[in-house]
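Asks: From the sequence below, what's the structure:
(2 chains)
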There are 2 protein chains.
Amino acid sequence: MAAYTPPLRDLDFILHEVLNVQQTPVPGYDELDREFTGAILEEAGKIARDVLAPLNRVGDTQGCHLEDGTVRTPEGFKAAYDLVADGGWIGLDLDPDYGGQGMPHLLNTAVGTMHAAANMALNMYWGLSHGAYNAIAAAGSDEQKAKWLPKIVTGEWSGTMNLTEPHCGTDLGLLRTRAEPQADGSYRITGQKIFISAGEHDLTDNIIHLVLAKIPGGPEGVKGISLFIVPKFLVNDDGSLGDRNALSCGKIEEKMGIHGNSTCVMNYDGATGYLVGTAHKGLRAMFVMMNEARLAVGVQGLAQADAASQMAVDYARDRLQGRAVTGTENPSGPADPLIVHPDVRRMLMDQKSFVEGGRAFVLWAASLLDAHARNDDAAADGLVSLLTPVVKGFLTDKGFESAVQAQQVFGGHGYIEETGISQFVRDARIAMIYEGANGIQALDLVGRKLAQDGGKHVMAFFDLIRNFIRENGDNADLKADFLDPLKSASKDLQAAAMYFMQNGMKNPNAALAGSTDFLHLFGHVCLGYMWAQMGKAALAGSDDLHKTKLATGRYYMARQLPATRMHLARIESGAECVMALPVEAF
Amino acid sequence: MAAYTPPLRDLDFILHEVLNVQQTPVPGYDELDREFTGAILEEAGKIARDVLAPLNRVGDTQGCHLEDGTVRTPEGFKAAYDLVADGGWIGLDLDPDYGGQGMPHLLNTAVGTMHAAANMALNMYWGLSHGAYNAIAAAGSDEQKAKWLPKIVTGEWSGTMNLTEPHCGTDLGLLRTRAEPQADGSYRITGQKIFISAGEHDLTDNIIHLVLAKIPGGPEGVKGISLFIVPKFLVNDDGSLGDRNALSCGKIEEKMGIHGNSTCVMNYDGATGYLVGTAHKGLRAMFVMMNEARLAVGVQGLAQADAASQMAVDYARDRLQGRAVTGTENPSGPADPLIVHPDVRRMLMDQKSFVEGGRAFVLWAASLLDAHARNDDAAADGLVSLLTPVVKGFLTDKGFESAVQAQQVFGGHGYIEETGISQFVRDARIAMIYEGANGIQALDLVGRKLAQDGGKHVMAFFDLIRNFIRENGDNADLKADFLDPLKSASKDLQAAAMYFMQNGMKNPNAALAGSTDFLHLFGHVCLGYMWAQMGKAALAGSDDLHKTKLATGRYYMARQLPATRMHLARIESGAECVMALPVEAF
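Replies: Residues are numbered from 1 along each chain as shown, chains lettered A, B, ... in the order given. Predicted structure coming up:
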């Protein structure tokens, strides 16, 4: 069974030596001293290691089963869920007015990196509750908040997001689920939704579905979409559960991975629903929950890479095969461990430098959310809005690649399900797809975010990097290994942005044909920036972690950042060769 | 269900307009006129499309089952196998002296690209027979050849390769299976082998295991390994089946993919075996079959990418989602097909340009095998020996990536097993691992093949490219789009080889730390060279295929070849950052 070791020392380093949270002027951050964050993360880490990780393979092998309309989750999931709920973890960063603990989003994200690593499928159940909470909190009435939020916070109830229909995923304008107004102010919801994660299960007393539907007579397309609360059980005025609502799980999908999470076809047959916010303005509310969900999915990509690479390191240390080319390193054994071989080492360094850089990146993004939420910092909001598709797209693409690489370390044993590493590859795969497939993230980045507010946010991003390089220019140790490569990579990013500006107006395809390369280019610059900051912090320290950080950072700068030049070349080759073929020539 | 369309026109183009087989001075190639190859490939294509492809998902969902020591293959596999065997396809390129059809290896490889695409798991059963045949043909006595080969050729019997043991895969020097000499000249084989593809099944009357074992008292390590024929049933002098041999399948593995192929734990309990070739020289004979097997695995990587991309193209044409940014293309429908979107188009072009370039590459490699086998062409032998790890490693790494990309085109539907695309991803994954994991291919390339015969073969490769560029330098259409990028990419390859020469002697890690990047750099140059040749042939033609080829080739040169610069930068960063961390720092 795969053991999971919580990266507590690394989280501490990022929070207190890189992000320097206590010195950051965000309300609540002053309380985040080392002892406090250490205590919280240690507890969260224990749950990851002792409760969630041992159920990861159980979830994969048992899967979920639909019986008489009810989904049975894998053995042990209910007990683990209750333990997490009882510990108050679900509401860690939620509003104290509704029973939450009011901690910064940053801390919750740090917890999430461990919980999503230990058991992604199980972690998703309360991850989705978080999303539902956010939508109601952002767009619901006070009455709705008071009625629905407290029990989501305690975990007694869970939540879901219902967007996709059989004929539409990305293109929500096509959706057909309809909501007919009733005399009492409620709506009758009718239609079919698919790919509903945690749509039905046996972990909670009630499931609060957030459903996108169209009110007849409203505007066409995405401008006529409204958002509804549609509970599995109706709720009486005293908060007790009433009748079963007219909705049901018609089927659970057989998937490549995340078998422990039930992916449901949900049928709404005139179910009672309650409008959230304004009629026809549902998409805006849904985007509130989607943006945070996208960051959470980025965390999943990173987390799966983390867990997989821990397994790969253990295997590479234990498995004896071949001799080091520079001389035997394990003379008393029949062979040397795999980890002595340079190509194995390369794979482990790729993984390590990605996971640690990505971890810093998601925590930085989370701190920007806090700066916006707690300080009303519009610049932070603009920046995190720009970075969200990068966090989601880059960390999930690379997280999957990293898990595949971890599997490769196992040789033939990696292909056997019993070994357990295949699950991380299969589970990580979905993160590239859901919450907007990564091509959609790239489109969002290039088509929307880049030019948002006159390009102000991307300019602010470049300023951050430029200032960091300038302010640390006299740090000779940092300069050659970190600042110079970062400068070169960020120049590539600027050149790409410039190419889009010069060509995208005449021909939108010129930008869109390079969108995925741009997202990856951007991702590398972000991780390069994180590593430059971590390099600086590491140079200021002197213990083993600092030495390891320096070596790992140097690896990222030397071995990963050169990808930016390739992405730029692809972008600058333009759209012509991408779009040249007529459809029938494929 | 996934339909498979045999790429007959493309195979014809490569054979007759690019490789110009009939003008190639290899005995037997003069008979390969367009009509003849067209007829053979059309028949082979029909089998792929009508017989093998319909069983692909059946194999994945049913898998193999071990019952009372016998493995039951999926429904329909036996009938399909018999049809292939009865058609003489198993012996297509095998020696007529043993019942084969004596066709060039090239033709068999062209057939293999389709059969491995349509049903990789089923195709493997006779693929392994081919390997066993080659080992016996290369190292067996005349008597052994006469006894074992004819029924392998007809498909009445099948073959396997038994190398791996629980504690050793790559490092065969550690193997423990022992072979004790008996008075009658035979050996008693005792030990356990794992990961034996097609080790036990119900498709044939007998299974001929080729087993590596150590004769007690022989040299230590790889110098004391011998090769044995160990049949499931002993064979009487008249060719009839005798007693069951003392070997059995102890278990079949649950794997990530290729469920239709039985991957067996094989237990040899004093089984009767027959020495092939010289005692203690078994590894050399095994390498004969491994080299051809490695090319065949490269074909699998390419083939899975082919089949997956066909599915992705169909989906991208049919699925309506969103509108083209440059203006509605399907005004009568609710949305435009996915294929109008530049990022979807990019994914399809990546796949198409890889698959067609890779197809040319494997056929070129196969033609070099023929030149060696039929013309005793030592230069061709040296070249194909150099290229073998590139074919295997590059085409399987990229083939998997390509299948993942095909899956991405499906969005959420790609993650659902019912759609069928996930199988191609899961099946393609093994090709990066077996027959020597791709890191071993990179080691073979950099540590062995590059410097083989004083570097003669890599010099010959560079000469080929240099001459091609020079000879076609006045072809202005070819120059800018094809020759210039090829020249630049091959310069990167030369610079990398030079780096290894200058640094590898002092520090072998300097070369090995860059070995995988070198393999990929080499692969891109090979596909670039293929595309330059195809570009030239396409410029000489005028039909739709030629126009499509030009556009696809331009895409590869503009969008894929820029990777060479990145790989070179990684290589030139050296081993220091790769090996810097002490083992305990991971």
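Asks: so what secondary structure elements neighbour the longest helix belonging to chain A?
Replies: Across chain A, the longest stretch assigned as helix under DSSP state H is helix A:282-318. Applying 3 or more CB pairs under 8 Å, 6 or more residues apart in numbering or on different chains; DSSP states H and E, we find helix A:282-318 packed against helix A:105-118, helix A:120-139, strand A:157-162, strand A:206-214, strand A:225-231, helix A:342-375, helix A:378-409, helix A:421-431. For the C-beta atoms, the positions are set from N, CA and C on the backbone; glycine is no exception.
Asks: Can you report how many residues lie near residue A:506?
Replies: Residues near residue A:506, counting by other CB atoms under 10 Å in any protein chain shown, number 8.
Asks: show me where the stretch 1-150 of chain A has helices.
Replies: Remark: helices assigned in the stretch 1-150 of chain A by DSSP state H, counting those that start in this stretch are A:8-13, A:34-46, A:56-62, A:77-86, A:105-118, A:120-139, A:142-154.
Asks: ok, now the stretch 451-586 of chain A?
Replies: A:456-471, A:476-478, A:484-504, A:508-512, A:515-539, A:544-555, A:563-572, A:576-579.
Asks: which residues touch the fourth one?
Replies: Helix A:508-512 has contacts (CB atoms under 8 Å, 6 or more residues apart in numbering or on different chains) with A:443, A:446-447, A:499-500, A:503-504, A:574-575, A:578-579, B:325-326, B:341-343.
Asks: So how do I select the buried members of those residues in ChimeraX?
Replies: Restricted to buried positions by 16 or more other CB atoms under 10 Å in any protein chain shown, the ChimeraX selection for the contacts of helix A:508-512 reads:
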select /A:443,446,447,499,500,503,504,574,575,578,579 /B:325,341,342,343
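Asks: between the contacts of helix A:508-512, which is nearest residue B:32?
Replies: residue A:578 (36.0 Å; CB to CB).
Asks: Measure how buried the closest residue to that closest one other than its chain neighbours is and give me the count.
Replies: Residue nearest to residue A:578 in three dimensions, not counting chain neighbours: residue A:513, with 4.1 Å by CB to CB, 6 or more residues apart in numbering or on different chains. By other CB under 10 Å, 27 other residues sit near residue A:513.
Asks: List the contacts of residue A:513.
Replies: Residue A:513 touches A:574-575, A:578-579, B:342-343, B:345-346, counting by CB under 8 Å, 6+ apart.
Asks: in these, which two residues are the furthest apart from each other?
Replies: Farthest pair in the contacts of residue A:513 (CB to CB) is A:574 and B:343. Separation: 14.1 Å.
Asks: and residue A:191, how many residues sit next to it?
Replies: As a measure of burial, residue A:191 has 20 neighbours, counting by other CB under 10 Å.
Asks: And for the one 4 residues further on?
Replies: The number of residues packed near residue A:195 is 26, by other CB under 10 Å.
Asks: State the phi and psi torsions of residue A:433.
Replies: In terms of degrees, to the nearest 10, the main-chain angles of residue A:433 are phi -110, psi -50.
Asks: What's the local residue count around it?
Replies: Residue A:433 - counted by other CB under 10 Å - has 24 other residues nearby.
Asks: Same question for the one 3 residues further on.
Replies: Residue A:436 has 23 neighbours, counted by other CB under 10 Å.
Asks: how far away is the residue nearest to it when sequence neighbours are not counted from chain B?
Replies: Using CB to CB, 6+ apart and skipping residues adjacent in sequence, the residue nearest residue A:436 is residue A:294, 6.6 Å away. From residue A:294 over to chain B the distance is 15 Å, taken as CB to the nearest CB, to the nearest Å.
Asks: do the same with residue A:103
Replies: 31 Å.
Asks: Pick out the residue closest to the middle of chain A.
Replies: With distances taken as CA atoms, centre = their mean, residue A:297 lies nearest the centre of chain A, 2.0 Å away.
Asks: That one and residue A:394 touch, don't they?
Replies: No: look at residue A:297 against residue A:394 with CB atoms under 8 Å: they stay out of range, at 11.6 Å.
Asks: buried stuff in stretch A:37-47?
Replies: A:37-38, A:40-41, A:44-45, A:47.
Asks: and the residues you listed as JSON lines, adding pLDDT and distance to chain B?
Replies: Output for the buried residues of stretch A:37-47, formatted as JSON lines (pLDDT from 0 to 100; distance: CB to the nearest CB, whole Å):
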{"residue": "A:37", "pLDDT": "98", "distance to chain B": "24"}
{"residue": "A:38", "pLDDT": "98", "distance to chain B": "21"}
{"residue": "A:40", "pLDDT": "98", "distance to chain B": "26"}
{"residue": "A:41", "pLDDT": "98", "distance to chain B": "21"}
{"residue": "A:44", "pLDDT": "98", "distance to chain B": "23"}
{"residue": "A:45", "pLDDT": "98", "distance to chain B": "19"}
{"residue": "A:47", "pLDDT": "98", "distance to chain B": "24"}
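Asks: Next, count neighbours for the residue nearest to residue A:100 when sequence neighbours are not counted.
Replies: Nearest residue to residue A:100, sequence neighbours excluded (CB to CB, 6+ apart): residue A:94, at 2.8 Å. Neighbour count for residue A:94, taken as other CB under 10 Å: 25.
Asks: Now do the contacts for residue A:94.
Replies: A:100-102, A:130, A:133, A:149, A:153.
Asks: The residue nearest to residue A:44 when sequence neighbours are not counted and chain B, how far apart?
Replies: Leaving aside its sequence neighbours, residue A:44 sits nearest to residue A:111 (CB to CB, 6+ apart; 4.2 Å). Distance, residue A:111 to chain B, by CB to the nearest CB: 24 Å.
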